[in-house]
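1. Next input, structure requested:
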Amino acid sequence: QSGCGCRGDAGLAHVGCRAEAAAYKARSTGDAGGWQMCITCSQIFSGQMAMGLAEAWWAAVQDIDEADMERQSAGNLLAQALTQQGRYAESEEQCRELRAVQHRMPGPDSVNAMTTAHLLGDALFAQTKDVDAEVVYRE
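-> Okay, the predicted model is just below:
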């Protein structure tokens, strides 16, 4: 699969191989961008590659504390990928689980919390739950 802007052989890779590369990059540099963006062409992954990488990252962080920033980021990426695949109810469920954790965390809203709220609003709106989406957007 490709899922990025690379052409020819440069764009072909298994999801598992890209996931290994993303995990290695995150471990060695602290940059988790490899889960979302091609390291060759710098394009954000789309389609099945985006979905596969989001699922792989989410699976990889299940043993991390639920309030950990990496786990929250992985959860948001999965919610975004689910929405892009038209799986709005699953995205809504993912966002609601993340928000439950975020509401228990002390301190001001983090970037992850704001991202989750936006993703939840989008998932609700896509399901024509307009009133619920408006409430989330206004929070």
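
2. Excluding chain neighbours, what is closest to the most centrally placed residue in the chain?
-> Ranked by distance to the mean C-alpha position of the chain (CA atoms, centre = their mean), the top residue is Leu77 at 0.2 Å. With CB to CB, 6 or more residues apart in numbering as the criterion, Leu77 has its nearest non-adjacent residue at 4.6 Å, and that residue is Ala54. Where C-beta positions appear, they are placed from N, C-alpha and C, glycine not excepted.

3. Now do the buried residues in the one helix or strand Glu70 maps to.
-> According to DSSP states H and E, Glu70 maps onto helix 69-84. Under the neighbour-count criterion of 16 or more other CB atoms under 10 Å, helix 69-84 has 70-83 buried.

4. Make CSV from these and add distance to Val136 and pLDDT to it.
-> Output for the buried residues of helix 69-84, formatted as CSV (distance: CB to CB, whole Å; pLDDT from 0 to 100):
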residue, distance to Val136, pLDDT
Glu70, 24, 91
Arg71, 21, 93
Gln72, 17, 92
Ser73, 19, 93
Ala74, 21, 96
Gly75, 16, 96
Asn76, 14, 95
Leu77, 19, 96
Leu78, 18, 97
Ala79, 13, 97
Gln80, 15, 96
Ala81, 19, 97
Leu82, 16, 97
Thr83, 14, 96
